[in-house]
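Novice: Take this sequence and fold it.
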Amino acid sequence: MKEVRKVFLAGDHAGFTLKEIIKERLERKNILHEDIGPKEYNSKDDYPDFVIPMCEKVAKTKNSRGIIIAGSGQGEVIAANKVKGIRAAVIYSYDKKIIKLSRQHNDSNVLSLGARFMKEKEAIKTVELWLKTPFSEANRHRRRIGKIERYEK
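Specialist: Residues are numbered from 1 along each chain as shown. Okay, the predicted model is just below:
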């Protein structure tokens, strides 16, 4: 299993408070992280300004992951998946099976949380489970991801 070396965070105004809570949790667990923004609450911010640069860092940084915390997580996951090398999954509630599948089958390297749809404790549990779940390395999953990577080229 590849150990996660660094976690990048990004979001928007609607996810700002929850992002700060997740960031504090990563600090307490001594997980190396970088907050791409927003760094302060601004009701007029635009998620692509933070999400795309964050995903570029994830794509370029070996054994890293990204976490998006925004209002719905939907537009953000669309923006994230435009970046070559990113496989982003959106999660709305703590569901062990789907969180694990996003890692085990899809090797997701970015997690997008809909802050307006999750309670704080659910979000924390989701992040912790997602970070510790490895990719299965099963041939069928590597083959499918390989097809996506070939398309990106």
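Novice: For residue 143, give me phi and psi.
Specialist: phi -60, psi -50 (degrees, to the nearest 10).
Novice: who's in contact with it?
Specialist: If you count contacts by C-beta atoms under 8 Å, 6 or more residues apart in numbering, residue 143 has none. Every C-beta, even on glycine, is put in place using the N, C-alpha and C of the backbone.
Novice: ok, it to residue 84 distance?
Specialist: Plainly put, residue 143 is 19 Å away from residue 84 if you go by C-beta to C-beta, to the nearest Å.
Novice: can you check residue 111 too?
Specialist: Noted for residue 111: a distance of 18 Å to residue 84, by C-beta to C-beta.
Novice: which of those two has more neighbours?
Specialist: Of the pair residue 111 and residue 84, residue 111 is the one with more neighbours under other C-beta atoms under 10 Å, namely 26 against 11.
Novice: Paired strands for the strand or helix carrying the more buried one, with orientation please.
Specialist: In this assignment (DSSP states H and E), residue 111 forms part of strand 110-114. Taking DSSP bridges as the criterion, strand 110-114 sits next to strand 64-70 (parallel), strand 88-91 (parallel) in its sheet.
Novice: Could you pull out the buried residues of the helix or strand following that strand?
Specialist: Per DSSP H and E, the first helix or strand lying C-terminal to strand 110-114 is helix 120-132. Buried positions in helix 120-132, judged by neighbour count with 16 or more other C-beta atoms under 10 Å: 122, 123, 124, 126, 127, 128, 129, 130, 131.
Novice: Please apply the same query to stretch 62-82.
Specialist: Neighbour-count burial for stretch 62-82 [16+ other C-beta under 10 Å]: 64-73, 75-77, 79-81.
Novice: From the buried residues of helix 120-132, pick the one nearest residue 55.
Specialist: residue 130 (15.9 Å; C-beta to C-beta).
Novice: what's the pLDDT at the closest one?
Specialist: Confidence at residue 130, expressed as pLDDT, is 98.
Novice: Let me see the contact set for it.
Specialist: Residue 130 sits next to 65, 91, 99, 102, 103, 108, 111 when contact means C-beta under 8 Å, 6+ apart.
Novice: and the angle for the strand holding residue 111 with helix 120-132?
Specialist: On the basis of axes from the mean of the first three to the mean of the last three C-alpha atoms, to 10 degrees, strand 110-114 is oriented at 170 degrees to helix 120-132.
Novice: Pull the distance from strand 110-114 to the chain's centre.
Specialist: Strand 110-114 sits 5 Å away from the centroid of its parent chain (C-alpha atoms, centre = their mean, to the nearest Å).
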